[in-house]
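>>> for reference, the sequence and a predicted model appear below.
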Amino acid sequence: MEAQRARGVPRRKALVAIAAGSAVCALGGGAALTAATSEETGGRPAGTDGPDVGQPDPNAVAAVLANRARAVRDRDRTAFMATVAAAPAPYRQAQAAMFDNLLKLPLEGWRERFERVVSTTGGAALVQTTVGYRLRGHDDDPLRRTRHLAFAPRSGTWTITGDGTSRGRTDDPEIWDGGPLTVVRGRTALVAGDAPGLAGIARRRDAAVPTVARLTGAATVRGWRDRVVAL
């Protein structure tokens, strides 16, 4: 277990696999969480036709990301949606659905950080960001996910106009990217998904935790607080 943690596998995810016997995917028809590379696959990516907008102002981008993060922490839907007000309607709708899912999770320590500019063609600058967060009561250390946002110059500043899909960039998958979430809290388990039967998954995790704790022992799983997460 400690070897897994040293390679960057979050402890709570490794423990879910121990408790379940296999990894749990509690997803319905909303979307599948599949691993995908974020590298462009040769040639000129789709969606890059258009002028080169130049390098975005890092301070303007950081300010938008800070506003988004603050809106998530404050559970302020209006403030969050204001950061994508210039984006096309389908993207705004997707962001609204994502925000509604975020509200259902016990998030704390939410941050969005500018990492680098990926490209500046197609009328927008594609920016790679890192999202960091913890699930309250389950994560000691923040989990970090790579995400992409397209920024375009508007009225003297930079604003979000989409993501990296049209340029062959995919985000690290997360449970909030699927359909409308249901979150079930057991005695020791947190289960989130857009499929039926989540309460049963929580009961099985609750029943498995004492067995895992007894079989592994504190020497094997140091610092485990007898809590698991199933997504």
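That came in fine, so what should we check first? Numbering: from 1, shown residues only.
>>> so what sits opposite residue 184 in the bridge?
Taking DSSP bridges as the rule, residue 184 bridges to residue 191.
>>> the helix or strand encompassing residue 68 packs against which elements?
Element membership of residue 68, judged by DSSP states H and E, is helix 58-74. When contacts are defined as 3 or more CB pairs under 8 Å, 6 or more residues apart in numbering; DSSP states H and E, helix 58-74 packs onto helix 77-82, helix 89-104, strand 107-119, strand 143-154, strand 157-162. C-betas here are computed from N, CA, C, even on glycine.
>>> where's residue 55, which helix or strand?
Assessed by DSSP H and E, residue 55 sits outside every helix and strand.
>>> surely it and residue 125 touch.
Yes. Assessed by CB atoms under 8 Å, residue 55 is found in contact with residue 125 at 7.0 Å.
>>> okay, the helices and strands packed on helix 58-74, which one's buried deepest?
strand 157-162 (a mean of 21; mean count of other CB atoms under 10 Å).
>>> state the mean pLDDT of it.
Averaged over strand 157-162, pLDDT sits at 96.
>>> cool, stretch 102-121 as well?
Per-residue scores along stretch 102-121 average to 96.
>>> with stretch 71-82 instead?
Averaging pLDDT along stretch 71-82 yields 97.
>>> which other residues reach it?
Residues external to stretch 71-82 that are found in contact with it (CB atoms under 8 Å, 6 or more residues apart in numbering): 67-68, 70, 83, 92, 95-96, 99-100, 102-103, 107, 110.
>>> that'll do, ta.
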